[in-house]
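Q: below are the sequence and a predicted model; questions follow.
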Amino acid sequence: MKRVAIIGGGACGLWCANTLKRRLPTMEVVIFERFSQVGKKILMSGNSKGNLSNLGVAPSAYNNPDFVAPILNYDCGKFIQRCHEFRLETFSDDHGRVYPLSETAASYVTLMHNDNQARGVITMLDTLITDIKMDNGRFIVNGQPFDYCIIAIGSKAGLSPKLPDDSFPTIDGQRPFKVTPLFPSLSSLGVNENIAMLNGMRVKANLKIVIDGVVEYETDGELQFIEKALSGIAVFELSSFYARRRVLGHTPETDIFVDVCPRMSNDELASYLIQNVNPKQLGTDDLVGLLPSKLSQYVHSQWRRLTRNEQTIVTLVELLKSLKFTLNHDYMPTNNQIFAGGISLEEIDSNSLETHRYPNMYIGGEVLNIDGMCGGYNLHFAFAAGEAIANSIADKERKHE
């Protein structure tokens, strides 16, 4: 009987085990999970509602689109169909984000884990694997020999900061794989402006990120102000583009421009302002017909920095439609959902995710240098990676039958 070790009981590991047992029921599949439960990060996704995938999944949503393209042949429709097979019903929202019908991530984790158990997957909880030994082409994991080894450890994003920074197991005591430096992504972005007065405020806005003078991305959504940073789903989307530059060793000049009146065109806003305010005598409450009081006061504080000659209706429209925030490069978020960076893609076959260095060893999921946009894209890649790895192993075994 052939044996497979899966190191990590997260999105990639659980899905891979499920596909393996569906295709090769007699294969022994063992998951080694360092925590006391599987799917710990899945349980936190989508504010615990379980944002599992997205109807818009496509290579362009990821930092390395050419690499992920073959993996994403396992698309959102195929993922949803599999969920139905283990009795999980799903729905999608207006942004294409896919959730369990129960709106709880625990539904997915419970049903997937139960299906794996019913198919004979062995799960070893509270088991941290720090080193893998090689023995005549086999992998010695936790003292046991395996024919295949899958590393799907994810990352510590969103977990305890006390966890070790590098939990990737060594191979015979060595770290043989090239690693791209990590940087927090899908996170808040620190700014240099003093925004303490806005702490806790949430508004709907249009945001764009300008990196080294080029507009990299623009989106609409919720903006949340925290004491020293911008946060919220829209900011998380923008943060991907900044993080991808940082992992390359570049600290780019970066600004966020916020349209705080997204429901009004420039002309509509100008018309309102002409009728209701005197730009030369703008008061702290003169914009509360458009903005929450504290935001009105903040905009007023920025307005006062302009010279009297600059204080015109045109510049007030520009301020409201392009409120500027400059990124603080020293700010390190603790609320990041993922990390940009990881195991270099040079080490991996893009079709199977098998390592070039060690035949029958695979690496999948977030531990790779793959990061996607906010909204279910990263979990979907983890599921699709687990599918690709399982199919590669199953195809190998079928050839030897």
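A: Right, received. Where do you want to start?

Q: only C-alpha atoms from now on, for both contacts and neighbour counts.
A: Will do.

Q: name the nearest residue to Pro145, sequence neighbours excluded.
A: Nearest residue to Pro145, sequence neighbours excluded (CA to CA, 6 or more residues apart in numbering): Phe139, at 5.5 Å.

Q: check Gly158 and give its pLDDT.
A: Predicted confidence (pLDDT) for Gly158: 70.

Q: equivalent analysis for the one 3 residues further on, please.
A: pLDDT recorded at Pro161 is 54.

Q: so the nearest residue to Ala229 once chain neighbours are set aside is in which element?
A: Leaving aside its chain neighbours, Ala229 sits nearest to Gly190 (4.0 Å; criterion: CA to CA, 6+ apart). Gly190 belongs to strand 189-190 when assigned by DSSP states H and E.

Q: what sits up against that strand?
A: Applying CA atoms under 8 Å, 6 or more residues apart in numbering, the external contacts of strand 189-190 come out as 228-231, 235, 239, 327-333.

Q: run the last query once more with 6 Å
A: Strand 189-190 is contacted by residues 228-230, 327-328, 331 when judged by CA atoms under 6 Å, 6 or more residues apart in numbering.

Q: separation between the residue nearest to Ala229 and Leu238?
A: Distance, Gly190 to Leu238, by CA to CA, to the nearest Å: 12 Å.

Q: neighbour count winner among these two?
A: Leu238 (27 against 21; other CA atoms under 10 Å).

Q: residues in contact with the helix or strand containing that one: which ones?
A: Element membership for Leu238 (DSSP H and E) is helix 233-246. Residues outside helix 233-246 that contact it (CA under 6 Å, 6+ apart) are 183, 185-187, 221-222, 373-374.

Q: which residues in the stretch 151-300 of the chain form helices?
A: Assigned by DSSP state H, counting those that start in this stretch, the helices in the stretch 151-300 of the chain fall at 233-246, 266-276, 293-303.

Q: would a markdown table of these with distance to Gly77 be doable?
A: Shown next, in a markdown table, are these (distance: least, CA to CA, whole Å):
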| stretch | distance to Gly77 |
| --- | --- |
| helix 233-246 | 23 |
| helix 266-276 | 40 |
| helix 293-303 | 42 |
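
Q: out of those, deepest packed?
A: Most buried of the helices of the stretch 151-300 of the chain by mean neighbour count (mean count of other CA atoms under 10 Å) is helix 233-246; its value is a mean of 23.

Q: could you give the average pLDDT over it?
A: On average, helix 233-246 scores 95.
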